[in-house]
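Participant: Build the 3D model from these lines:
(chains A and B)
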Amino acid sequence: MTAVVSATPATARGLDPKAIASIEAVLIPVGALVASAILFSFFLLALGKSPATFFNLVWVGGFGSAFSIQNTLQRAAPLILTGLAFAIPARIGLTLLGAEGALVLGGFAAAAIAIPMVGGGWPPAVGLPIMAVTAMAAGGLWVGIAGWLRHYRGVNETISSLLLGYIAIAIMNFFVEGALRDPASANKPSTMPIGDAWRIGPIPGTSVHWGLAAGIVLAVALHILMSRTTFGFAARMTGGNVRAARAQGLPVGALVVVCCAIAGACSGLAGFYEVAAIHGQANASLIAGYGFTGILVAFLARQNPLAIVPVAILFGALDAAGGLVQRRMAMPDATVLVLQGIIFVVLLVSETFYGRIPFLQPKQTGDRT
Amino acid sequence: MNAAAAITASRPLQRGPALETVGMTKAFGAFTALDDVSIDVRAGSFHALLGENGAGKSTLVKCIMGFYNATRGSVLLDGRESTIRSPRDARDLGIGMVYQHFTLVPCLTAAENLVISRADAPAVFDWKKEKPKLEEFMDGMPFRVPLNGQVSSLSAGEKQKLEILKLLYLEQRFMILDEPTSVLTPGEADEVLGLLGEMARRGEVTVLMISHKFREVKAFCDSFSVLRRGRLTGTGDAQAASVAEMSRMMIGDTEVRERAVRAARNDSRPVLDLAGLVAEDEEGRRVVDAVNLKVGAGEIVGIAGVSGNGQSALVEVLSGQRGLADGGIFINGKPFEPKRRDFDRFKVFGLPEEPLKNATVPRMSVAENIAFRSYDKPPIASLGWWLSPGPMRRKAEELIARYRVKTTSPDSPIEALSGGNVQRAVLARELSGEVDVLIVANPCFGLDFASVAEIRAQIMEQRNRGAAVLLVSEDLDEILELSDRVAVMSGGSIAYVAPIGETDRNTIGGYMGGQHMAGH
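Facilitator: Residues are numbered from 1 along each chain as shown, chains lettered A, B, ... in the order given. Next up, the predicted model:
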């Protein structure tokens, strides 16, 4: 009987299991996007707006000109990093919502450590790397706490990382409105600006900051880490079946904490670029929702670090087009958030289609006793 | 067939009906799981349905129960053709099933479980009315189960009895039992099957039992049918046919390994030493309570016991899945910690029960699963951290061939394999190197005849090579076949240890049930 069963599956039609898995991994998310677009069109029609105009504006606002492409990439940079921050812990079986908080804390830590260095007249070439490392350490430590609580105290990591995020924001507010407040920032409490000399410039020939390059490099590096190293292998074992991982004597606790710390470091780095390349100081502008959009990015990319890059660009484009949509269609820019929300729900539903697409399935065999 | 009306005591017990399947065929796409199967279960008989894993027993039963609609063929109940399109139809016709695993609600009482199973269960129960009716019903039954105790406090045997009572309560007098004794002690199994046999002989029920165990078939059944690869390969009188004949019908011409050959031991130094092991469950109860046991080189120590007496927890402790509250594990006199470094250093390997749950990552590929022990060592890993898929795949291909793991490709997720092949892949991983200590738990659970013989032979081979083997099994036949010494675990501790030559099935069974008898 086993012979009969093993002879039937997909090889008969020239598809090996890996190919089926990759076809599914593309087909299902794309299908989910199309379905979301259709659902969102109904929403627009109900408002008396034209879906065609909307999608055209998204195209123009996101990719229509050199300016809009650069605007898109600029917004994609932190999304790549926060997407990675969700995807890496997901590989080890954790659902972390800590990216927003870690981004804010990382950005704040970078701005805070910059103050004495800027004041002390350090050269930016030395100071900026220190800022980046500080941001990553702060974010890594923060999310690492959620991992530690999960493994050693059994605390639900989703809740703890989300709540730690709010604490991180509160910590920034505490200092920004108190000890570290720049007296000149009257309307919007901020830390001391790092000054133009300390700003990270754009990638030459563009107006896009280096955070994009950092995101792409990290995405490739983390892809290699997860797929081609013993660490990644052990993490995937743990994520796939923690009982089996324990039975193989793996240090499950250490793996969990390290994956969380990597996630936090990615978010922290995003915070660093927000401060060093965009805002020049830490303030409430850091709380822009990149951490939460990153979850969406990671989901659509199926937690695959390489796929996160194009998906982040897609969401960057949506974000970039928000202003254009607002002006031309007389709709609030929150409209884009409605679309994001629809995409997320449809994506969650689409998860149930893996292994169930009829024409990709091997012929069903008998239920074995 | 109204259940409430049916339990009025004045009515005499109804009769078990006869059931026939005629040319039953079930195809799933191009694959025919059941091919023209006609079996005849006479009224009041105790009929065994035999067959290997995947032979189509489950498919046949599911067609009878209405879970599947047969491609062709029909069911005759007492000679009349009956249309069964859904489990509801089967229930209305009085056909019921006891599944391998309990379907009772553990936090409810036995009485509540019975009443809620009724199709016409009201939204609000009038217990003043129901209780006497239940008592009356119970009085008419050949065995009793305490009605007011929570089901979770019942023993496995009582739960199984309650499952059977539930069918009788629902007036389902054609009973299909799916390996009903896999969760029972030998004593409990004999009792439950004996009672069912008596009821069948009195004509009160008709039983169709799926079984793997020839001993039970010979002891309790009067007729049998055998399926192989979806076809009926034999049928007959269970008392007249010999075990050899039945097993030939089951496995056909497949060559089966001989019973594992036991080499004489000349080395008896103790290797694995469990010293006062204590482990607790999540609520802090002691599930392993001061276990002391030594296993020598070239020795298999079999731990028998009824499920839930701490054997699983003991295996979890040894494999690092559960923390140790007290005591120590020693190998060759040195302390052993169930961590990767010590697994490698002391050459400790394991075949845990339910390999898909404990020994594999279902979504990772067969090749990756086979590499679990070797992925961080050369040639797969270089520099200690860089993985090379090439050597991993080559090693997997070699082991897949050597251990005859049937898979479409080394890249298939291991969850796509059948149970026997998952276990073979795990065997390939754990037994292909040098083994000093082997921890085995229910290695053959749910596997077909040929796989069982092969896996037992592999375990014996490791013993003959000098490995210290700890075998935890709920299958007493397995323990008796493989062990050099037998230990019985009861209530978390070792209740009995004896060399295999100085003990027997009854003695072991007595110690296995000891806890249960003392408690009642």
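
Participant: Near the residue of chain B found nearest chain A, how many other residues are there?
Facilitator: The nearest approach of chain B to chain A comes at B:Ala33, 2.6 Å away (CB to the nearest CB). No exception for glycine: its C-beta is placed from N, CA and C like everyone else's. For B:Ala33, the count of nearby residues is 28 (other CB atoms under 10 Å in any protein chain shown).

Participant: Over to B:Gln14?
Facilitator: Look at B:Gln14: counted by other CB under 10 Å, it has 15 neighbours.

Participant: try A:Ile313
Facilitator: A:Ile313 has 22 nearby residues by other CB under 10 Å.

Participant: Mind telling me what element it is part of?
Facilitator: helix A:305-329 (DSSP states H and E).

Participant: Only C-alpha atoms, please: export the helix or strand that that helix is followed by in PDB.
Facilitator: Scanning forward in sequence from helix A:305-329 by DSSP H and E, the next helix or strand is helix A:335-350. The C-alpha coordinates for helix A:335-350 follow below in PDB (Å, rounded to 0.1, in the frame of the first residue of the first chain):
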ATOM      1  CA  THR A 335      -8.000  55.700   2.900                       C
ATOM      2  CA  VAL A 336      -4.700  54.000   2.300                       C
ATOM      3  CA  LEU A 337      -5.000  52.500   5.800                       C
ATOM      4  CA  VAL A 338      -8.400  51.100   4.900                       C
ATOM      5  CA  LEU A 339      -6.700  49.300   1.900                       C
ATOM      6  CA  GLN A 340      -3.900  48.100   4.200                       C
ATOM      7  CA  GLY A 341      -6.500  46.700   6.600                       C
ATOM      8  CA  ILE A 342      -8.300  44.900   3.900                       C
ATOM      9  CA  ILE A 343      -5.100  43.400   2.600                       C
ATOM     10  CA  PHE A 344      -4.200  42.200   6.000                       C
ATOM     11  CA  VAL A 345      -7.600  40.400   6.600                       C
ATOM     12  CA  VAL A 346      -7.600  38.900   3.100                       C
ATOM     13  CA  LEU A 347      -4.000  37.700   3.700                       C
ATOM     14  CA  LEU A 348      -5.000  36.000   6.900                       C
ATOM     15  CA  VAL A 349      -7.800  34.300   5.100                       C
ATOM     16  CA  SER A 350      -5.500  33.300   2.200                       C
END
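
Participant: how near is the most centrally placed residue in chain A to chain B?
Facilitator: Centroid check for chain A by CA atoms, centre = their mean gives A:Gly83 as the closest residue, at 1.5 Å. According to CB to the nearest CB, to the nearest Å, A:Gly83 and chain B sit 21 Å apart.

Participant: Help me confirm that that residue is found in a helix?
Facilitator: Yes: remark: A:Gly83 belongs to a helix, assigned using DSSP: H, G, I helix; E, B strand; the rest coil.

Participant: Roughly how far does the closest residue to it other than its chain neighbours sit from chain B?
Facilitator: Spatial nearest neighbour of A:Gly83, chain neighbours left out: A:Val297 (3.6 Å); criterion: CB to CB, 6 or more residues apart in numbering or on different chains. Plainly put, A:Val297 is 22 Å away from chain B if you go by CB to the nearest CB.

Participant: One more: A:Glu100?
Facilitator: Computed with CB to the nearest CB, the distance linking A:Glu100 and chain B is 29 Å.

Participant: quick revisit: can I assume the residue of chain B closest to chain A is in contact with B:Ala27?
Facilitator: Yes: with contact defined as CB atoms under 8 Å, B:Ala33 reaches B:Ala27; the gap is 7.0 Å.

Participant: which stretches of the stretch 351-500 of chain B form helices?
Facilitator: Counting by DSSP state H, counting those that start in this stretch, the stretch 351-500 of chain B has helices at residues B:355-358, B:366-370, B:389-402, B:419-431, B:449-464, B:476-482.

Participant: Kindly report the same for the stretch 151-300 of chain A.
Facilitator: With helices called from DSSP H, counting those that start in this stretch, the stretch 151-300 of chain A shows them at A:157-176, A:211-228, A:230-240, A:242-247, A:252-273, A:290-300.
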